[in-house]
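Asks: Prediction below, plus the sequence it came from.
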Amino acid sequence: MVFLEDVETPCVVVDHERLLANIRLIQDKADANWLKLCPHVKTHKSLEIARLQMDVGAKGVTASKTDEALVFMAAGVPLITCAYPIISRTKLDRLFAGAREYGPELRLIADSAVGIDALAQAAARNEITPEVFLKIDVGLHRCGVRENDPALVRLARHIVDAPELEFAGLLSHAGQSYGAVDSEGVREIAREECAIMNRVRETLEKNGIEVLEVSVGSTPTVLAAEDFDGITEIRPGNYVFMDLASLRLGLIEKRQVALSVLSSVVSVNPDYFIIDAGSKTLSSDLGAHGAGQGKGFGLAFALQEDAEQREGMTVVKLSEEHGFLERAGHSLAVGDRLRIIPNHACAVVNLTDSLTILGPKGPPLIWPVAARGRVR
């Protein structure tokens with residue numbers, strides 16, 4: 001902690017030992033259940049962390065947008081899944097050009113005939129044959145085909161019949177798990193996701209369509225799930241850091257949270273402690289998919305405080321450059337430093353240029369957020 005006294009605030013800090021423990025936790029769960037792990041890099045956007053994940057057994061990574069994927073392609077990641085329905089001609093051409101140059105196995109998703117045709121046409125133009133998952137909606141109601149959609153079999157066959165594409169299988173994201181009340185609620189969502197994906201697989205196979213991969217993702221469901229029957233791959237992302245979402249759901253303990261925001265008290269008034277971390281640092285996100293169940297924008301602890309034994313102070317309001325901590329009987333002075341567990345680590349990382357990595361000894365390391373802002 002002594003080195004943090006010299007670090008300018010606000011900054012995003014990561015406990016290296018906790019980071020490694022979280023990476024190993026999910027890799028061990030994947031290995032124990034004979035699952036391929038392709039973690040989502042939208043959480044950390046860091047080449048260093050992706051290398052740590054692959055060093056212990058991850059087969060590749062999952063990205064959202066084209067330019068995010070290209071950062072990891074250029075770094076030599078051997079398998080890239082773009083879990084986003086990319087329909088833009090220019091984005092697809094850019095993505096396929098990168099795949100030709102760097103040579104990874106490339107997997108994409110689609111949930112419409114328009115999307116499938118866009119992928120097939122881009123593949124033909126670029127003389128590349130990507131694998132394509134059919135995205136299944138398992139309850140988030142964002143993207144994906146629902147299991148009772150009359151177009152389900154037709155869309156899968158559309159991919160199979162496109163000579164420019166290879167049918168990868170089925171892919172889902174149970175993001176509604178972030179809105180659950182507790183760990184049992186998450187566990188039930190995980191069970192239902194698995195059941196839906198198995199029913200869809202059976203439907204396709206009854207219609208003569210072979211399903212080789214069934215890929216699911218979300219940190220809460222992977223943490224809570226007790227059975228992965230019929231699943232071949234998991235794609236959680238947030239697990240490397242953890243945040244208030246998993247903590248509030250009762251899926252983890254505070255000692256597992258690897259990422260926090262280091263902040264300083266810059267003013268004190270009768271109502272609030274004012275800190276130098278506002279919405280441009282903590283984000284105004286209440287949780288993934290806006291599904292946060294708690295109050296406020298983070299939980300703050302004095303730098304020398306044992307967070308395991310304290311409830312923490314709530315960041316109750318934000319302006320762009322200021323955070324408001326409720327005083328609630330606490331005693332802080334101007335200049336005091338705090339570590340804040342944010343609601344949503346993914347959003348926080350995308351707001352910073354670098355991560356300050358805290359090891360067991362020696363000064364902090366600085367790791368760039370290599371794919372920051374790559375949202376196209």
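Replies: Structure's in. What do you need?

Asks: need the contact list for the residue of the chain positioned farthest from its centre.
Replies: Here the chain reaches farthest from its C-alpha mean at Pro270, the gap being 38.5 Å by CA atoms, centre = their mean. The contact partners of Pro270, taken as CB atoms under 8 Å, 6 or more residues apart in numbering, are Arg327. Every C-beta, even on glycine, is put in place using the N, C-alpha and C of the backbone.

Asks: helix, strand or coil for it?
Replies: Under DSSP: H, G, I helix; E, B strand; the rest coil, the three-state class of Pro270 is coil.

Asks: Distance-wise, check Asp227 relative to Arg187.
Replies: Taking CB to CB, to the nearest Å as the measure, Asp227 and Arg187 are separated by 10 Å.

Asks: So the two - more neighbours on which side?
Replies: More neighbours surround Arg187 than the other of Asp227 and Arg187, with 20 against 11 (other CB atoms under 10 Å).

Asks: tell me which element the more buried one is part of?
Replies: Assigned by DSSP states H and E, Arg187 falls within helix 183-206.

Asks: With just CA atoms, put that helix into CSV.
Replies: Coordinates of the C-alpha atoms in helix 183-206 are reproduced here as CSV (Å, rounded to 0.1, in the frame of the first residue of the first chain):
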residue,chain,number,x,y,z
SER,A,183,-27.3,-16.4,-6.1
GLU,A,184,-30.2,-18.9,-6.3
GLY,A,185,-31.9,-16.6,-8.7
VAL,A,186,-28.8,-16.6,-10.9
ARG,A,187,-28.5,-20.4,-10.5
GLU,A,188,-32.0,-20.8,-11.8
ILE,A,189,-31.3,-18.5,-14.8
ALA,A,190,-28.2,-20.6,-15.6
ARG,A,191,-30.2,-23.8,-15.4
GLU,A,192,-32.8,-22.3,-17.8
GLU,A,193,-30.2,-21.1,-20.2
CYS,A,194,-28.7,-24.6,-20.4
ALA,A,195,-32.2,-26.1,-20.9
ILE,A,196,-33.1,-23.7,-23.7
MET,A,197,-29.8,-24.3,-25.5
ASN,A,198,-30.3,-28.1,-25.3
ARG,A,199,-33.8,-27.9,-26.6
VAL,A,200,-32.7,-25.7,-29.5
ARG,A,201,-29.9,-28.1,-30.3
GLU,A,202,-32.3,-31.0,-30.3
THR,A,203,-34.7,-29.1,-32.6
LEU,A,204,-31.9,-28.5,-35.1
GLU,A,205,-30.6,-32.0,-34.9
LYS,A,206,-34.0,-33.4,-35.5
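
Asks: Other residues contacting it?
Replies: Residues outside helix 183-206 that contact it (CB under 8 Å, 6+ apart): 136, 138-139, 147, 152-153, 156, 170, 172, 174, 176-177, 180, 211, 214, 216, 220-231, 249-251.

Asks: How many residues are close by Leu365?
Replies: Neighbour count of Leu365, defined by other CB under 10 Å: 14.

Asks: Fine by me, thanks again.
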